[in-house]
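Trainee: have a look; sequence and predicted model below, questions after that.
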Amino acid sequence: MFHRLIRTLDLYDGLRLPVKVGRLELLLIHEEGETRLMQRRCPHADFPLDRCTISHGELRCPGHGLTFSLRSGRCLSASYQLEQYRVDYDGPWLGVDLSP
């Protein structure tokens with residue numbers, strides 16, 4: 001089932017949009033023309049990533065400063081992994097399909 005998250009014309013660089021799909025807390029990020037969707041909380045200490053910084057393709061957690069690759073979701077200094085989700089489009093809408 002497709003879940004609408006945001007209209008594509010509402011995307012802008014620097015967007016950090018927390019969204020909830022059922023019980024799942026996700027974070028939609030739009031940076032340098034690319035849109036990514038991932039788990040909303042840091043796997044290290046459950047800190048919300050809504051105020052994360054992004055530089056050179058790396059996301060930095062505002063809680064403890066751990067950095068993650070935006071491409072793979074892997075932590076660059078420890079064995080943590082950010083779960084990522086594929087972004088889908090339905091006309092003017094951007095969303096996610098969580099069907100098995």
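Mentor: That came in fine, so what should we check first?
Trainee: other residues contacting stretch 77-85?
Mentor: 26, 36-39, 42-44, 59, 66-68, 73-75, 96, 98 (C-beta atoms under 8 Å, 6 or more residues apart in numbering). All C-beta atoms are positioned from the backbone trio N, CA, C, and that covers glycine.
Trainee: kindly report the same for stretch 50-60.
Mentor: 16, 18, 27, 29, 31, 40, 49, 61-62, 66-71, 76, 82.
Trainee: filter those residues down to the buried ones.
Mentor: Arg16, Leu27, Ile29, Glu31, Arg40, Leu49, Cys61, Leu66, Thr67, Phe68, Leu70, Leu82 (16 or more other C-beta atoms under 10 Å).
Trainee: residue most distant from the centroid, this protein?
Mentor: The C-alpha centroid of the chain is most remote from Gly91, which lies 21.1 Å away (C-alpha atoms, centre = their mean).
Trainee: do you know how far it is from Ser72?
Mentor: Taking C-beta to C-beta, to the nearest Å as the measure, Gly91 falls 30 Å from Ser72.
Trainee: just the ones in helices from the contacts of stretch 77-85, please.
Mentor: The members of the contacts of stretch 77-85 all map outside helices under DSSP state H.
Trainee: wouldn't Phe2 be in contact with Val87 here?
Mentor: No. Shown here, Phe2 and Val87 do not form a contact pair, counting by C-beta atoms under 8 Å, at 11.2 Å.
Trainee: give me the common contacts of those two.
Mentor: With C-beta under 8 Å, 6+ apart as the test, Phe2 and Val87 both reach Gly95, Val96.
Trainee: for the chain, which segments count as strands?
Mentor: Ranges of strands in the chain, per DSSP state E, are 2-7, 15-21, 24-31, 34-39, 53-55, 58-60, 67-69, 84-85, 88-90, 93-97.
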